[in-house]
Structures are given as C-alpha cells and as structure tokens.
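> The amino acid sequence is not available; the structure is as follows:
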C-alpha cells in the first residue's frame, strides 16, 4: 500500500472523462436521440404511401 | 513478471479498497492478463453476433420483413373487401375462405377480434401477405410454425411467406387488443 | 466539513458499523422510498398470485384478469423498482459520500407526488378504466387519470434524479469525499443518467396519450408512439440493469469486503451502458412495419454490441471480485474453493449469486438472442418474452434489491434483523420459484404460446385453436403457476423479515449486518468494539495480505491468472451462449421461408 503517487500529478484523460458526469449525461441523450429516435422518425416520415397492388 | 499483482489493495489513507469507498486518486490501471484474454474473446463474440445478422440476410431464408407502407385504414378495408369478393370460395363456420392464385398478393385484415379472411394457399408457392389493422394494434402469430409480427393500423406490412407444409395453421393474436384478445384467431389452410 | 456547515447541518450520526456519516434526512427519505417500494412489491405479489392461479383455480372473469394483469405490470415494472431505486439514489448520494440530503422538503413533496400518481393510476386500472397494459399502445384508450398518474410518477423520478446529482455536486464541493465517486455510487449515477433519456421519451409518449385523452391531440400515430414509448419501456429496464449492477458491487463490498478487480474497467463498462444501451429499445420494433434494415441492425446490436460487451465485462468483474475477496481470505485451493466456501447462509451473498447467475445465463442470453433481428420473429410477443423479462427484473433486479435490503433496512432503521433463519432461506425459495416460472414461460413461448391472453383454450373464438390445450402446454402453464406460488412465498418471506425488523427489531446503534452474518464472530467483535469497517486489516478469518498489499500465493499456483475460477466460469458462459445461438438458428432455419 505504498503511497507512491503524487497528489498533484495530472490524471489520465480517460479517467477525467469517465469522472465527468455531465459529459456522460450528454452522451446518454445524444447517442440514442440521433441513432435511434431521429433516424427512426426520419424513416417513418419517408415511408411511402401504399398505391394499391 | 506478474503484472496482476501490482494492483493496489489499499487506498492512500491505508483503508482497504472496497466498492463502497472512493477509489485511489488514480485508478486507471492496466488490464490483467486474464481480463485481457476475456475481453478479446468477448469482443470477437460481439463482432460475430453483429456480422451474423448481415450474413443471415444473404444465406438465410427467414428474414424479418421490412417492406411497409402507410395506408388509410378505410382504404385498406375496401381493398380487403374487393380481394375477398374476387377470390371467395366458401363459408366455413361463419368465416369467409378465399383461395388467391399462387404467387399473388394476399390481404389479411386484423380487426377486433378476428383475422379475416381465412386463406387457402398452396404449398411451395410464395405469397405476399399484405397485413394491416382497421382498429387497434394486433399481433399476428402463425401457429404452430411460430412466426410473429406486429400489426399496426395505418401501416401496411408486406410479409412474403412460402408455406412448406400441408395442413391447417391457426393464427392467434399476441398483442393485447381489448377484452376479446383471447378469442382473436384466424386460419391459413395449405393444400 | 467546515465548522459553519456543521452548525447549520441537520442532525447526523456516524454509523458504528460502516463508519459512514449518516444524514438523518437522507436516511429517512431513503427508507421511506424503499419501504413504499416494498409495499408496491407486496401488492404486485398479490396480483401475481391472482393472475397465475386464474387459469387453474380462481374463477376470475376475463375482464378482471386483464385489469389485474395491467395493474401487476405497472406496479412491479414501474412503481416497485423505481421507488426502490429512488431510495437507493438517496442512499448512495448522501450516506456513501458522508454527505447530507439537499432540499429534503422538495424530496418529501416529490415523494407525495409520486404516491399520488400511483394512486391515480391504480384507481384507473383497478376500476377497469385503463385496461391498456403497461405498453398502452394507441389507439387503445384509457382514462386520462391513468396517463396523468404515470406522468406524475415519472416526473417524480426525474426530480429524484436531479436531487441525486445535486447531492453529489454539493458533497464534492463540501469535500465530504475526495477524488472519484465510489464504484457503487458511480453505478447508481449511470442508472440515473440512463434514467434521464428514458423518462424524457416516456414523458413524450405518455404525454401524447394524455393530450389525446383530454381532447387536445386528435390522433397519436401508433408507429411514432412505439418509437418513443420503447425509450422508456425498454429504457426503464436499462435503469434497472445499471442499478442492479451497482447493487451487485455494493453487495460484494457489504458481504465480502471485496474490491473491484479493475476499477477502471468496471467504470468503462458503465460508460458503454450509458452511451449505447438505449439503442436496444428497437428490440421491440424488429417485426414492426416502419423502420428499415440498417436502423434495425445498428440499433438492435447496440452499435456492434458494445452494450453487450459492457455486460460481458461485468460478467467477468463481478465474480472476479468475489473470487479475489475470497482468495484473499484464504480460500485458495483449486478452481472453486472460494465459491464453495462462500457465506451461503448469508442472505446478501446468496441473493447476489442467484441474481448474477440467473440474470447472466437466462436473462442476458435470452435477451440478446431475442433482440437478434431474425430470431425475434420466433419470439416476438410470445410468452417467451414474458419469461425473459421476469428473469431480468425478478430473478435479477428484484433479487439484488432484496439482498441489499437485508443491510440497508437494519443499518438505516438501527434495528437488528429479525427472523434471520427465514432470511437465510428466502433467496433460494424466491429464486427457485422465479426460475421455474421463467423457464416454463420460455418453453411455452418458444412453442408459440401468446402473451397477455386470459384464456388459452380459445373456446369462444370464431376459428377454434386447440393447440394450447394439448401437448406440453397444460403442464407448462401448470409449472408457471407453481413457480409463481413459490416466488410469491419467497417474496412474502422477504416482506415478513422486513416488516418484523422495522416494527419489532431490537433497537441498537450497532445492528449486525453483512459481514457479521458472513463471517461470524470476529466481525461481530469488530462491530461491538466500534471499529469502522474501513479500518480493518481484513475481515474475519486469517489475513493473507502481504505487507505490500499483494495477494499471496495466487500467482505461484495459477501462473498469471488472477481469478482462475472466474475465468473458467466465463468460458463456460460463453460456450453456453454460443450453443444457444446455434440452437436458435437451427430452429429458425426450419421455419417457412419468410421475408
């Protein structure tokens, strides 16, 4: 349990990113809103109307 | 040599690490070898599953249908009536039986609480089922083959099927559609 | 904590067992929400037994069967799980951070609003005004009170999430914790984050229906509704998933004093959940008219199965955390001595293991396979689906939450757990019952049995269907009922223990909890001596930590494997997964050509 790390040593960016809850919140909304909702809505809007057999 | 043992078990204050306490200040560690092996296996499995869907699109004969259209439920009902009038062959227990020509477009209407009409199809022929609802959402469940599709009012779903067995294949509704949901049935007869 | 803060802060105490500073507002709010959740669980259990026995014994009318089914779904999926999760959020963001609850009055008003919403929805469902099921697919219509009730409840959850983040931000500012969040709180934060998108889409979906029900919106497009609804219909289950994994980590800490084997990897897995798990909402639209092939494949695979990858990470790291904790305790023989010597009589531990195993092998595998585009055709809306989600939220989430309650309730109410013998058996009875129920449902569903059907005899149908009255079906439906009865007995045992503890448990400021049952005397002595848990060298049995803090002996015996038993387990799991995948495709290939 050596205390081998300096207090002020900068933390690696992945750790800082994972600690940023606001960034995570933004990701959690943007990804499904674009990939699932917006894309899906677009396909529903673009759906052709049935013209008979 | 043993990188695995380098991971800390205590935090800076000498407190034993736990899921319940804050981690050490810097907690990003290298992966242990067994973790690395597992992640590689897991990653490969993810890719196999993903590409598998596209591979099955090419090699498989059973695909989730995607062809669909918007349709006014009233128009749909009229087209079904015209279709039934054209191909009706008999009445059976109060239900109309139709025998459309092999390989044709075949209407199937879901309404509270029946699938109409009864379809008489030929084995080995491919039909395009044109399915929609005139009221609420329904579930088309072909038995005992066990093929299941969602039926929405206002949307026409084109389901291409090729019956490969002879016999009577009941349809049951498997989407809750009202208090008569458990009596909602239909029938496909394959000769 | 600064001096000024202490003066203005509401009364708090230091927990003699865990060493955490317990804020009384947070404690009461967490307990109130959890207890309200358990009340809902009890009510849902009564509904479950009525629904399950209707087919065999009870002469319920079809109308009542559908009403009770609707109420059972909303009560369990929404009210029980989310109320408990709100309690867990308050617990994690105050007590685990040694911090205090912000805006407690808002939290209490919010609690009252959620209860009002529940009352409105229950009234509408039980009086037959809202027999539309949890999915509430338009154009089926329900009384506006139902939509409004669910909306009030959902907004309440959203407010609780805001309070959760406020607690964390303020705790950080007050310096009651330094550095990163504890892993358990991080998992709860992931659940809360996932909940935001989920509740927003849900509010849009139910909002459209509410506006329609009061005449402000002419029609609601069924396909658009389905797209939005599954944002919450599926998304809420992802909240349950993330919360359950957080609780798994909590139970590892509470029952074994375990640490995550790789802090960073577990957190990365939560990030993958946060980013991609919501895409799985499309699982419900695989055989719908509307969207195209690529939308389906990209979303159903959570973008190349990255969310499944996250689950596979947890599938390794959860058992590995158990294994390393146990090996650290001295159980190092062979591959599985650590597992054999686990504290199986400890309800938190057995709940944890049951929850992990049944969630992984049954819920996880079935969920991925039924979300697989082509395989979905043989599963969609059958009883298999019902079996699947009972294995996720009952076998998995509910079991994990029950396990956590065995500690939270004594620690927060400052009472000794009562009926310990009942508690010891409870996880086995409950899990066994749910296992039977889910497997029977899955078999019946795989053979074609439809869901949400009051009567499988089709006696009054225009075209008779006798398929479900013959062959394996009567036995399968019988097994569903037997499983349901067992599960409800297990649930009642849990409620009994909780009620007895809360009402008649011996008052103490050192309630035995977790490690005490797991490891007996030494831990009890530590609690009695008032040594906070974090300061122990190791819990219970012989310490095997070297001075450097490394685990002794593992490397020598198992070369570079840190958790060899876990590695064997996950390899077996992967093999099982592959076999189920192949078997499913063999079934699919036998069907009529379709497309």
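Cool, the structure landed. Quick caveat, the model's predicted, so the values are computed rather than measured. Numbering: from 1, shown residues only, chains lettered A, B, ... in the order given.

> what bits of chain B have low per-residue confidence?
Scanning chain B for pLDDT under 70 picks out B:1-16.

> could you point out the longest helix in it?
helix B:33-59 (DSSP state H).

> does any part of that one sit near chain A?
No. Figure legend: helix B:33-59 not in contact with chain A (CB under 8 Å from any CB of the partner chain); closest approach 14.6 Å. Just so you know, the C-beta spots here come from the backbone N, C-alpha and C atoms, and that holds for glycine as well.

> do that helix and chain C meet?
Yes. Interface with chain C: helix B:33-59 contributes B:33-35, B:37-39, B:41-43, B:45-47, B:49-50, B:52-54, B:56-57 (CB under 8 Å from any CB).

> Now do the same for the residue of the stretch 201-350 of chain C found nearest chain A: its pLDDT.
Proximity of the stretch 201-350 of chain C to chain A (CB to the nearest CB) peaks at residue C:278, 3.6 Å away. Reported pLDDT at residue C:278 in the predicted model: 96.

> re earlier: name the surrounding residues that touch the next helix or strand after the longest helix of chain B.
Going down the chain from helix B:33-59, the next helix or strand is strand B:68-70, by DSSP states H and E. Strand B:68-70 is contacted from outside by A:47-51, B:154-158, C:289-290, using CB atoms under 8 Å, 6 or more residues apart in numbering or on different chains.

> Spell out for me the ChimeraX command that would select the buried members of these.
Of the contacts of strand B:68-70, the buried ones can be selected in ChimeraX as follows, counting by 16 or more other CB atoms under 10 Å in any protein chain shown:
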select /A:47,50 /B:154,155,156,157,158 /C:289,290
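
> and the two most separated of the contacts of strand B:68-70?
A:51 and C:290 (17.8 Å; CB to CB).

> Chain C contacts on chain A?
Residues of chain A lying close to chain C by CB under 8 Å from any CB are A:1-2, A:14-15, A:18-19, A:21, A:24-25, A:27-29, A:31-33, A:35-37, A:39-41, A:43-44, A:47.

> Now restrict those to buried residues only.
Buried members of the residues of chain A next to chain C, counted by 16+ other CB under 10 Å: A:1, A:15, A:18-19, A:21, A:24-25, A:27-29, A:31-33, A:35-37, A:39-40, A:43-44, A:47.

> Tell me which entries of these lie within helices.
A:15, A:18-19, A:21, A:24-25, A:27-29, A:31-32, A:39-40, A:43-44.

> so where's the chain shaky on pLDDT?
Picked chain A for this. Counting by pLDDT under 70, the ranges of chain A that qualify are A:1-8, A:53.

> nope, chain C
C:1-10, C:55-56, C:513-560.

> at 50 instead, please
C:1-7, C:536-557 (pLDDT under 50).

> Tell me the buried residues within the residues of helix B:33-59 next to chain C.
Buried among those by 16+ other CB under 10 Å: B:33-35, B:37-39, B:42, B:45-46, B:49-50, B:52-53, B:56.

> Check which residues of the helix or strand residue C:479 falls within are buried.
Applying DSSP H and E as the criterion places residue C:479 in helix C:473-504. Residues C:473, C:476-477, C:479-495, C:497-502 are the ones in helix C:473-504 that count as buried (16+ other CB under 10 Å).

> Just the closest residue of chain A to chain C, please.
residue A:32 (3.6 Å).

> Spatially, which residue comes closest to that residue, not counting chain neighbours?
In space, and not counting its chain neighbours, residue A:32 is closest to residue C:278: 3.6 Å by CB to CB, 6 or more residues apart in numbering or on different chains.

> again, but for residue C:83
With CB to CB, 6+ apart, the residue lying closest to residue C:83 is residue C:37, at 3.5 Å.

> count of neighbours near that neighbour?
Neighbours of residue C:37 under the rule other CB atoms under 10 Å in any protein chain shown: 22.

> Equivalent analysis for residue C:387, please.
Residue C:387, neighbours per other CB under 10 Å, totals 25.

> That one: helix or strand, and which one exactly?
Here residue C:387 is assigned to helix C:383-390, by DSSP H and E.

> Return the list of helices and strands in contact with that helix.
helix C:365-370, helix C:420-446 (3 or more CB pairs under 8 Å, 6 or more residues apart in numbering or on different chains; DSSP states H and E).

> For the residue sitting nearest the centre point of chain A, list the residues it contacts.
Computing the C-alpha centroid of chain A and ranking residues by CA atoms, centre = their mean puts residue A:27 first, at 2.6 Å. Taking CB under 8 Å, 6+ apart, we find residue A:27 in contact with C:271, C:274-275.
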